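K.L.:
Sequence first, predicted model second:
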Amino acid sequence: MSIEARFKLDYPGFSLDVDLAIPGHGVTAIFGQSGSGKTTLLRCIAGLERASGSLKIESQSWQDANYFMPVHQRPLGYVFQEASLFPHMSARRNLEYGMKRVAAADRRVAMDQAIELLGIDHLLDRLPGHLSGGERQRVAIARALLTSPRLLLMDEPLAALDLARKNEILPYLERLHDELEIPVLYVSHAPDEVARLADHIVVMDAGRAVAQGPLTETLARIDLPIKLGEDTGVVLDGRIAERDENWHLARVEFDGGSVWVRDSGHALGHHVRVRILARDVSIALEPQHDSSILNTLPAEVIEIADDAHPALALVKLRVGKSAVVARLTHRSARGLDLSPGAKVFAQIKAVALIG
Amino acid sequence: MIEAADLTAVRLTIELAGLVTILLLLIGTPIAWWLARTPSRWKGPIGAVVSLPLVLPPAVLGFYLLVLMGPNGPLGALTQSLGLGLLPFTFPGLVVASVIYSMPFVVQPLQNAFEAIGERPLEAAATLRASPLDTFFTVVIPLAKPGFLTAAILGFAHTVGEFGVVLMIGGNIPGKTQVVSMAIYNHVEAMEYGNAHLLSGILLVFSFVVLLSLYTLNRSGKQS
């Protein structure tokens, strides 16, 4: 089960040229800066934009050289950046609009389920004009789900919202991920959203897909042409292995090591994801015992690459079977005589638990 | 007291304006939709043709229509070959002329309303499995409701108020083509100011009531 997309599109000053194989499960982030073509790519997949090329979803053709399936016949759900609810219909009628147009036999998401999942029970009789931005977006997501899509397309659904509204919606998106088996393509330029939600990632730059693959592997790549600056870092999937009630800390075990994080109340064995930014990782040749740093992991240097600023280097480290990226100055790298294969200690100053 | 002939003129005017408004909404909607959406290079020329009655003197328009619908005009030849006879100086002829004359007053508000809706609601509807026709009836028409009301008001009012085209095409036949504006003109010509006052007053009050009720409807429609 997978999504195969090949598109070519030429506009004045912009061209899209991609060849993608996206897994047919989980959340795939389409990540890139503004103008990198990520929204255009999503619109091509929906059929809202007519590019030449081909598109196959689970071996069903949506587009090829001789065929273009009209948007309204594609079993997809689309969430726009602005909720785009129909202003003349109540939230409930907005929800029903798409659902009524799907044959009863094809409905796999029930009204009650969508309402409960997005927590919009109390909003149903209101017109969109009387909903907050976050509430509107939740209704829009439920509306898209109720068409029982085989593929859910989300175009920066949080970008138009402030931080508080974002934090209001993110948990719902995570539930979506955990409870429904619908593959999601999630367009975003926000590394924190991607780190939190995605399983796979496609990195877009100037209309090309410059990298694609599982999130953890791809974020650990330091050879990519686009630099994330302060957001460079890795994401590790792990589970809570130990809780230290005295110090309010929890130990997260991942493939090849473990780190202590602030205890956020998750039970033992709970699956969590941690994010370690490159700027928070430093390298020492010996373990430091007289330091405030809690997490020091034995590691091996795999690769050293230039960062955006000429003073800085990115160092990819292997910790067990996982990878961590450290950012240091070239001078420090030379001072420590770092080269691939060197055995070092990664000192991790901060670890963020992200759901 | 109002004369029977004047009463007939009032009835005829309302029938004419009502019928023309209905026809204009039916014909004008697809034209306005096309003008609002098309990327075609014909958009400019077609839009200009539709808007022509806004600037053309009614006598000029009436004259051309008379020629077109006359026994030697192409339209006249067509209606004759269909066994409908000739249109000038008949009620149907008046309807055809009024539809053309009032067209821009219906098409322009509709076109503006359609353009104001923008692309997004149509895209959203398409991703919710609505076909283009389905979208038009369930999303476009409800969202363009104020535009439809404005179009209906203007189309109706403009047809009630026309004079030049009616004079050229309809003539002044009581009970057949004599509308209120013609009847008033006749009364003034005959120095019957009392009758002219009465008819003018009726037209004034009627127009005001129609406009007021539609604008009120329009406003409450926008608020909901």
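P.N.:
Structure's in. What do you need?
K.L.:
The helix or strand harbouring residue B:26 and chain A, any residue contact?
P.N.:
If you go by DSSP states H and E, residue B:26 is part of helix B:4-37. No - judged by CB under 8 Å from any CB of the partner chain, helix B:4-37 and chain A are separated, with a smallest distance of 15.0 Å. C-betas here are computed from N, CA, C, even on glycine.
K.L.:
which strands and helices sit next to that helix?
P.N.:
Other helices and strands packing on helix B:4-37, by 3 or more CB pairs under 8 Å, 6 or more residues apart in numbering or on different chains; DSSP states H and E, are helix B:43-55, helix B:91-117, helix B:145-161, helix B:180-189, helix B:193-223.
K.L.:
just so I know, which of these lies nearest residue A:283?
P.N.:
Nearest to residue A:283 among the helices and strands packed on helix B:4-37 is helix B:91-117 (58.1 Å), distances taken as CB to CB.
K.L.:
what's the angle from that closest one to helix B:43-55?
P.N.:
130 degrees (axes from the mean of the first three to the mean of the last three CA atoms, to 10 degrees).
K.L.:
pLDDT averaged over the helix holding residue B:26 - what is it?
P.N.:
Taken as a whole, helix B:4-37 has an average pLDDT of 93.
K.L.:
Ok, stretch B:53-70 next?
P.N.:
pLDDT averaged over stretch B:53-70 gives 91.
K.L.:
hmm, who's touching that stretch?
P.N.:
For stretch B:53-70, the external contacting residues (CB atoms under 8 Å, 6 or more residues apart in numbering or on different chains) are B:52, B:73-76, B:79, B:86-88, B:93, B:96-97, B:100-104, B:162-169.
K.L.:
And stretch A:156-168, by the same measure?
P.N.:
Here stretch A:156-168 makes contact (CB under 8 Å, 6+ apart) with A:39, A:79-82, A:132-134, A:137, A:140-141, A:169-170, A:173, A:186-190, A:193.
K.L.:
What residues of that stretch count as buried?
P.N.:
For stretch A:156-168, a neighbour-count test (16 or more other CB atoms under 10 Å in any protein chain shown) marks A:156-158, A:160-161, A:165-166, A:168 as buried.
K.L.:
circling back to that earlier point, drop anything exposed from the contacts of stretch A:156-168.
P.N.:
For these, buried by 16+ other CB under 10 Å: A:39, A:79-82, A:133-134, A:137, A:140-141, A:169-170, A:173, A:186-189, A:193.
K.L.:
filter these down to the ones close to chain B.
P.N.:
Within the buried ones among the contacts of stretch A:156-168, those near chain B by CB under 8 Å from any CB are A:80, A:82.
K.L.:
if you look at the buried ones among the contacts of stretch A:156-168, which of them are in helices?
P.N.:
A:39, A:133-134, A:137, A:140-141, A:169-170, A:173, A:193 (DSSP state H).
K.L.:
Does the helix or strand bottoming out on mean pLDDT in chain B pack against any helices or strands, and if so which?
P.N.:
In chain B, no helix or strand scores lower on mean pLDDT, DSSP states H and E than helix B:193-223, which sits at a mean of 81. Helices and strands touching helix B:193-223, by 3+ CB pairs under 8 Å, 6+ apart, are helix B:4-37, helix B:145-161, helix B:180-189.
K.L.:
so residue B:195 touches residue B:3, yeah?
P.N.:
Yes - counting by CB atoms under 8 Å, residue B:195 does reach residue B:3; the two are 6.6 Å apart.
K.L.:
Between the two, which is the more surrounded one?
P.N.:
Neighbours per residue, other CB atoms under 10 Å in any protein chain shown: of residue B:195 and residue B:3, the larger number sits with residue B:195, 19 against 14.
K.L.:
Please name the nearest non-neighbouring residue to that one.
P.N.:
Counting by CB to CB, 6 or more residues apart in numbering or on different chains, residue B:195 lies nearest to residue B:187, which is 4.4 Å off, once chain neighbours are set aside.
K.L.:
Please identify which helix or strand holds residue A:29.
P.N.:
With DSSP H and E as the test, residue A:29 turns up in strand A:27-31.
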